[in-house]
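J.: fold the stuff below for me.
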Amino acid sequence: MDATADELAGVVDLFGGLTRAELERALSEAAFRADGQSVDEAALETAIEDALESFALIRHEQTVDGERRSLLVAGPTAFPSVPDHAEDVPHILDVDRRRLDREALGETAREQFTDAVEAAEAADDEDRIRHLIDVSYDVEAWSPVELAAERERLEAALE
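T.: Residues are numbered from 1 along each chain as shown. Next comes the predicted model:
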């Protein structure tokens, strides 16, 4: 099973957020239910990294069951869609839906966005800079953060 960024976002959105291991298990269950396939570990790792880079997923630290965990959460550029045969995964995994603190999640998105801005500037990557300008509006609509200063910084980098 090869999942798109939106499908990854759809699966994590079923739960509010999933750890990397939980996401892998959820996708494995869906692949098995679909046709007995398994998940290609390398392809999944690439898909997750691509989804994080595009802001379809956000990596967010949150306390779950008394432990601090890194969760993957549907991000501001995602159009979450549940892959075929994954609709029953919440019943199979025995993972309760997680409630996320939107303000804390917004701050996480801001931090990740700022890191992406710095990397794009350092690489002098005009395509990435233009993409991040667009993403800045998505982040603002998705979370209670303001990215006007970062957007100005990106626009200045293009001049």
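
J.: most residues in a single helix of the protein, which one?
T.: Longest helix of the chain, by residue count under DSSP state H: helix 102-123.

J.: that helix: which residues count as buried?
T.: 105-106, 108-110, 112-113, 116-117, 120-121 (16 or more other Cβ atoms under 10 Å). Every residue, glycine included, has its C-beta placed from N, CA and C.

J.: can you check stretch 9-27 too?
T.: By 16+ other Cβ under 10 Å, the buried positions in stretch 9-27 come out as 9-19, 22-27.

J.: ok, now how distant is the most centrally placed residue in the chain from His91?
T.: Centroid-nearest residue in the chain: Leu57, 0.6 Å away (criterion: Cα atoms, centre = their mean). From Leu57 over to His91 the distance is 23 Å, taken as Cβ to Cβ, to the nearest Å.

J.: over to Ala78?
T.: Using Cβ to Cβ, Ala78 is found at 23 Å from His91.

J.: now do Ala31
T.: From Ala31 over to His91 (counting by Cβ to Cβ), the distance is 17 Å.

J.: between these two, point out the one with more neighbours.
T.: Taking other Cβ atoms under 10 Å, Ala31 and His91 do not tie; Ala31 has more neighbours (21 against 8).

J.: quick check: that one touching Val39?
T.: Yes: with contact defined as Cβ atoms under 8 Å, Ala31 and Val39 form a contacting pair (5.5 Å).

J.: the helices in this protein, which residues?
T.: For the chain, helices defined by DSSP H occupy the ranges 5-15, 20-35, 41-53, 89-93, 102-123, 126-142, 148-158.

J.: pLDDT below threshold where in this structure?
T.: Flagging of the chain using pLDDT under 70 yields the residue ranges 1-2, 34-36, 38.

J.: this protein - how does it break down into domains?
T.: When the chain is parsed with automatic domain parsing, its domains come out as 5-99, 103-158.

J.: can you tell which of the helices of the chain is closest to Glu61?
T.: Closest approach to Glu61 among those is made by helix 102-123 (7.3 Å; Cβ to Cβ).

J.: which helices and strands sit right next to the closest one?
T.: Other elements packing on helix 102-123 under the criterion 3 or more Cβ pairs under 8 Å, 6 or more residues apart in numbering; DSSP states H and E are strand 57-64, helix 126-142, helix 148-158.
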